[in-house]
Structure formats: structure tokens, C-alpha cells
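Participant: Prediction below, plus the sequence it came from.
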Amino acid sequence: MAERILIVDDELAARTALAVLLRREGYEVCEASDGPSALAACASFRPDLVLLDILMPGMSGFEVCRRIKTTPETRLTPVVLITGLSATEDRIQGINSGAEDFLSKPIDVNELMARVHSLVRLKLFTDELEHAESVLFSLAQSIEARDPYTHGHCERLSDMSSRLGEKLGLPDDQIRALRRAGIVHDIGKVAVPDAILLKPGPLSEEEMCMIREHPVIGERICAPLRTFRLVLPVIRHHHERHDGSGYPDGLRNSQIPITAAVLQLADVYDALTTNRPYRKASPSAVALAIMEEEAKRGWWNRELLDAFRAMIVESVVPAPSHSREAAAN
């Protein structure tokens, strides 16, 4: 299928000239004459590249670009702003709106085609990465579905660990890694037989050895994706313990990546507060008390556990009502 390009310009002659040129190069082309129709075309046509004029009546190209880049379905679509403006502040505004590149009027055909070819290749590469991530997420969810007791576990971990990361003030890239890791952290369990994974009773030493291999296997599965660079340490180390008694590497204290320690707290809490074949779910307060005792044994980072407890308490305790005060005033 031909790559798709959306041309947005209020001048018919300019749109037509670009469309003819791009169709000759084998691209599928869609045209829009203003901002609202451009955004509608992005949703329906799903272009691989947008060539966007800046100076249009009503909604400017800057605003159209900003909306494309803040919409989850189109945020990775490359945008080239076409402009007769040359002031530095206009270029800065274009960069701030999320544009990947600029073309100055009058357009040089060779420059246009070079940039189009380059950005379309980049979009196709990005799509491949997204597809690979989707496959991994689907695999992780299929593993979760093997055990009816863990329904929704990955989504809960993704949510809890990223919220704790935000509470701790972690950088945005680490918070994104926590969201992804929540979904794929146990993907290595694909190599663990159901007879072991779903066993209601205690595991033998041999069976435990197989379970303890799943973080390493999970890291190996996800390693080819560069976008998972910050996710890999979480996958490998989310079963380490503060005192070095965890697995697979027996890391201690600050050797454990903070993102792995964050996700592990969410993992332990979720396991304690959901039904399992060998026990019933514990109430939140009981689960936190158990984790507190485990922290005294040296398993968890004390500061992280305190922050996690505060986050959980804030989420389960309703805010005090001020209705009587308001009525009295």
C-alpha cells in the first residue's frame, strides 16, 4: 500500500501542485483547505506525513500541528510546516507546536522530495516499533489471562507504579517506563508451564528455579526494542529485595533501580489485596501492615514504602466533607 500524505493549504493552486508532484512519486494524497478539515482528515485518512501551511484563515498551522501532536492517535505523525515566514520566533513557535521540519516558500522540489522520503521512512519505522510493542503487550495480557486470579493485574500495576513515580517526582521517561513495565513485567512467564504457574500448593525447589528465571527471560524477550531501554531493568529486577535476598541477581539497597523497587511494591500490594488459589484477598490496611513487617526484615526500601503507603491511603480514604462548614458560612 502506498504511503499517505495529507496536504493542508487554503490556496487551491498550491495544494494541487503539491498533490500532482507527490502522486507522480507514488504517494496516496489527501487534501484539506483549513484546520478543522485537516484534523478530520488526520482521523480518517491516517496520513504518514502532513505538509501543513502555517498562514491559513481561522485555525493557524501552528494550532493544527499542536492538536495533531497532542492527540494520541496522531502524535507520532510527522508534520512539515510550509511557510513564507522567516523570523526566528516563528520557527521557534513551530518547534514548540511539535513540527518535525520546515519548508520555505517558494518550495524547492528537490528539497521537498528529500524531506518527504526521509520523514515517511521514519514514520514507517515508528509504526514497526509500535507494532512490536503491541505484540509484546498482547503476549503479556495473554499470559495474565492464563490465571483467572490475576485478571486486571497488569493494568493495576501500570497505574499504581506510575502514580507512585509521579509522587516521587521521577522523570517523565521513567514514569513512561513504569507504565509499560506494569504491562510486560511478567512476560517471561510465557516460558513457565501452567502446571507450575497455576499450582495451588507450595512449589518444589526445581519449580521455584523455573519461576525465578522469568525476569531474565522477560528481559531477553523485550531487549531488541530500543524504546524499552528503561523498561528492561524493571523487568529484570522487580523481584530483588533491599537486603539482597531477592532474584535473579541478589542486588542490594541502591543497586536496585528505583523503578524496579517502585513496581515491586505495587506488585506485592496487588498480590496481597486480590484473591489467590491459596488464600483470600487481604484488606488494604492488612496488606500494608504485612508489607511493613516485611520492611522490618529488610525486604523493602523504607522511604519508598512510606511514600507508597501514603499514596494508597490517599486513594482509599475519602476526603472529609466540608458541606456543613459551607452551609454554616
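Facilitator: Done, it's in.

Participant: Which positions within stretch 255-266 qualify as buried?
Facilitator: Across stretch 255-266, burial judged by 16 or more other C-beta atoms under 10 Å covers 256-266. In this view, the C-beta of every residue, glycine as well, is placed from N, C-alpha and C.

Participant: can you give me the helices for the stretch 51-200 of the chain?
Facilitator: 61-70, 88-97, 109-145, 153-168, 172-184, 194-197 (DSSP state H, counting those that start in this stretch).

Participant: now for the longest one, which elements pack on it?
Facilitator: Translated: helix 109-145. If contacts are counted by 3 or more C-beta pairs under 8 Å, 6 or more residues apart in numbering; DSSP states H and E, helix 109-145 sits against helix 12-24, strand 49-53, strand 79-83, strand 101-104, helix 153-168, helix 172-184.

Participant: Adding mean neighbour count as columns, could you present those in CSV?
Facilitator: As requested, the helices and strands packed on helix 109-145 are exported to CSV (neighbours: other C-beta atoms under 10 Å):
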stretch, mean neighbour count
helix 12-24, 15
strand 49-53, 27
strand 79-83, 24
strand 101-104, 16
helix 153-168, 20
helix 172-184, 21
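
Participant: between the ones you listed, which gets the lowest average pLDDT?
Facilitator: Note on the helices and strands packed on helix 109-145: lowest mean pLDDT is at strand 101-104, with a mean of 87.

Participant: That strand packs against which elements?
Facilitator: In terms of contacts (3+ C-beta pairs under 8 Å, 6+ apart), strand 101-104 is packed against strand 79-83, helix 109-145.

Participant: between the ones you listed, which one is nearest to S162?
Facilitator: helix 109-145 (15.1 Å; C-beta to C-beta).

Participant: about what we covered before: so which of the helices and strands packed on strand 101-104 comes closest to R309?
Facilitator: By C-beta to C-beta (comparing all of those), the closest turns out to be helix 109-145, at 25.9 Å.

Participant: what mean pLDDT would you report for that closest one?
Facilitator: On average, helix 109-145 scores 81.

Participant: Report the angle between that helix and strand 49-53.
Facilitator: Interaxial angle, helix 109-145 versus strand 49-53 (axes from the mean of the first three to the mean of the last three C-alpha atoms, to 10 degrees): 130 degrees.

Participant: Give me the residue ranges of the chain where confidence is low.
Facilitator: Applying pLDDT under 70 to the chain flags residues 1, 85-87, 128-130, 147-150, 277-278, 316-329.

Participant: If we use 80, what do you get?
Facilitator: 1, 84-91, 124-135, 137-139, 141-151, 198, 200-201, 226, 276-279, 316-329 (pLDDT under 80).

Participant: Show me it divided up by domain.
Facilitator: 4-126, 146-316 (automatic domain parsing).

Participant: I'd like to know which of those domains lies nearest to S138.
Facilitator: domain 146-316 (9.9 Å).
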